[in-house]
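**Student:** What would the 3D arrangement of this be:
(chains A and B)
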Amino acid sequence: MALASFQRALFDLIANPALCLQAKEHPDILSEKYELSPKEFDRLYSVIHQKGMSTNCTLYRINRVTPLYTLLPYTCKLLGDNLLPLLIAFWEKNGRTNLQFKDEVILFAEFLQEGILKGTMQIPLLEEVLGFETKINELRYQKGESVTNRSGGYTLNSDIRVAFFRHHPQTLFDMLTSDHLPDQFGTGMEEGEYYLLLKQNGDEIDMKVISAELGYILDNIEKYNVLPREFIETGLVRELS
Amino acid sequence: MDASQVKTGLLYNPSLTDFLKDNPGACDYIEIIPDMFWTDNGYGKKNRFEPVASWERTLDWMAARYPLVAHNIGFSLGTAGHFDFEYLENLQKWHEKYSFSWHSDHISYVKLEDEHNFDHNTGMAIPLAFDLEVLDLIRQKIRLIQKAIDAPFLVENNVYFVDIPDQDMTEPVFLNMLSEQSGCGLLLDVHNIYANGLNHGFDCKEFIREIDLSKTREIHIAGGNALGDMYTDSHAGPCPEGVWELLDFAVPRCKNLKGITFEFHDSYFHLLQYDGVLSELSKAKNIWIKNLLN
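**Tutor:** Predicted coordinates for the structure are as follows:
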């Protein structure tokens, strides 16, 4: 269907400024990539030369980044000047989106985590800040019991998450909410093993630093087949049948 | 029509939750974008549209106190080759629960047909060419909507930053033909007209004169700001003077007007605060009343 193809072509141009530049230099790629009538080809050729196309491209990017700024604010701040090139790479990899906030942040978090694991994204504090915000979003968007395909052992209660930090969370949050520039993050901060307990409380999420011993158990709960009764009575975990 | 029928409303955003509690009766109705109140888990998914609990509580609070109007996004009227029947079914249920006084969507497309049935969102409302083919496409979708939901359905004129050449008709002619042929009403967004007039250099009042305003049931007003060389419909706080002029021009020509809705994005609430929101509503109402009395 030619109209559907035209609509896809217009979208692709809006979502990818590099494609616009390519099409300006080599207009034939429009006919090669899309099923277009001569009128539709002329229309696309016209719009890519109009100054408003730049506005379209910018608005698209603003709308795609909004979920990330909203739900991964500390991560975005930490990325600083690295953010835009990472976003461009992310959008090239994930050109299709349903623009659901929940799905966008999951995809971007996975994208960043992949980079961290591969060692291509060596930004101080990124792993722990991203990990923290990912856990917050899990609580924000989940409903009911957490899903697991394990049987036996234990899992965290659905309103509980644990975030691991190599630096004291309070010190980290103080720095993230200050005016410090991103390249100053992490310098001179004492390293250790810290766990932040996150508990959903209505529309709010309560947080407190817990002991490393308790934190380790909760963060690795799937490894435990037996736990003391007093531990289960804390209400933080439940037994899997 | 008398002054008691003059109604102003607010397009809900989270900054208005406290405002509405602290200023009961400040507006006559509340317009919601239903898509903001649920998480869409995607085509064909069981429990596809999951209400966001906190937002649903706010909605129920508003519904108990105000008539509600729905300003949809998800119909994506302009998408070729696709209509979201699941979205229609869900909105039908919402209408049964909330009894929308009317509902609307945009002359644009926000979704793409996808061969893998993925709910591909375009990330912005992409404008349509005002062609007979598009007119036919949208008219058919409107008929499906009207058959399913027993409330007046309106289409809103869009903002656009590029001129699509060689269209079959002008935008006013397109809107007139669509409303005539489908029976839908018009949501006249005067800020979009203002933005388009600035960006593309046409006479906004002449544009409005060409529209059959007897079909206009609702008017949107808003503010915007510059993005590079263009003026955008960013809902950036107070309405500019040009929008008030257009409202004053349009209102006496809209004999079947039911409401004027002020839209602003919550990130711009700091520019308005309570007094600013009240002031915009009051200005809109005064313009309407003034024209009733003339």
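**Student:** got the contact list for the closest residue to chain B within chain A?
**Tutor:** In chain A, the residue found nearest to chain B is A:Gly52; the distance is 3.2 Å by CB to the nearest CB. Every C-beta, even on glycine, is put in place using the N, C-alpha and C of the backbone. A:Gly52 sits next to B:Tyr160, B:Phe161, B:Val162, B:Asp163, B:Asn199, B:Met230 when contact means CB atoms under 8 Å, 6 or more residues apart in numbering or on different chains.
**Student:** Could you rerun that using 7 Å?
**Tutor:** Counting by CB atoms under 7 Å, 6 or more residues apart in numbering or on different chains, A:Gly52 touches B:Phe161, B:Val162, B:Asn199, B:Met230.
**Student:** got it, and A:Leu3?
**Tutor:** Contact analysis of A:Leu3 by CB under 7 Å, 6+ apart lists B:Ala80, B:Glu133.
**Student:** quick one: it and A:Glu40, what's the gap?
**Tutor:** Distance check for A:Leu3 against A:Glu40: by CB to CB, to the nearest Å, it reads 8 Å.
**Student:** Can you find the helix or strand in chain A with the smallest mean pLDDT?
**Tutor:** Lowest by mean pLDDT, DSSP states H and E among the helices and strands of chain A is helix A:229-232, with a mean of 80.
**Student:** what packs against the helix or strand just after that one?
**Tutor:** Using DSSP states H and E, the helix or strand that follows helix A:229-232 in sequence is strand A:237-239. Secondary structure elements in contact with strand A:237-239, counted by 3 or more CB pairs under 7 Å, 6 or more residues apart in numbering or on different chains; DSSP states H and E, are strand A:154-156.
**Student:** Summarise which helices and strands the strand it packs on is packed against.
**Tutor:** Counting contacts by 3+ CB pairs under 7 Å, 6+ apart, strand A:154-156 is packed against strand A:237-239.
**Student:** how deep is B:Asp248 tucked in, by neighbour count?
**Tutor:** Close neighbours of B:Asp248, defined as other CB atoms under 10 Å in any protein chain shown, add up to 16.
**Student:** which SS class is it?
**Tutor:** Put simply, B:Asp248 is helix when judged by DSSP: H, G, I helix; E, B strand; the rest coil.
**Student:** Which residue, neighbours along the chain excluded, lies closest to it?
**Tutor:** Once flanking residues are discounted, B:Asp248 sits nearest to B:Ile287: 5.2 Å by CB to CB, 6 or more residues apart in numbering or on different chains.
**Student:** pLDDT score for A:Thr177?
**Tutor:** The score at A:Thr177 is 88. That number is its pLDDT.
**Student:** What degree of burial does it show, as a neighbour count?
**Tutor:** A count of neighbours around A:Thr177, defined by other CB under 10 Å, yields 11.
**Student:** Repeat that for A:Leu107.
**Tutor:** As a measure of burial, A:Leu107 has 16 neighbours, counting by other CB under 10 Å.
**Student:** most surrounded residue in the contacts of A:Gly52?
**Tutor:** B:Phe161 (29 neighbours).
**Student:** what's the pLDDT at that residue?
**Tutor:** pLDDT at B:Phe161 comes out at 97.
**Student:** cool, the one 4 residues further on as well?
**Tutor:** Predicted confidence (pLDDT) for B:Pro165: 97.
**Student:** before we move on, what about the one 5 residues further on?
**Tutor:** In this model, B:Thr170 is scored at 98, pLDDT.
**Student:** Give the closest residue to it in space, chain neighbours not counted.
**Tutor:** In space, and not counting its chain neighbours, B:Thr170 is closest to B:Phe130: 6.6 Å by CB to CB, 6+ apart.
**Student:** What residues does the residue in chain B that chain A sits nearest to make contact with?
**Tutor:** Residue nearest to chain A within chain B (CB to the nearest CB): B:Phe161, separated by 3.2 Å. Contact partners of B:Phe161, counting by CB under 7 Å, 6+ apart, are A:Gly52, A:Thr55, A:Asn56, B:Asn199, B:Met230.
**Student:** Distance from the chain centre to the longest helix along chain B, please.
**Tutor:** Determined from DSSP state H, the single longest helix within chain B is helix B:269-293. Chain-centre distance of helix B:269-293: 18 Å, with CA atoms, centre = their mean, to the nearest Å.
**Student:** by contact count, what packs against that helix?
**Tutor:** Right, helix B:269-293 is packed against strand B:8-11, helix B:16-22, helix B:241-250, strand B:259-263 by 3+ CB pairs under 7 Å, 6+ apart.
**Student:** Am I right that A:Ile205 falls within a strand?
**Tutor:** Yes - assessed with three-state DSSP, A:Ile205 lies in a strand.
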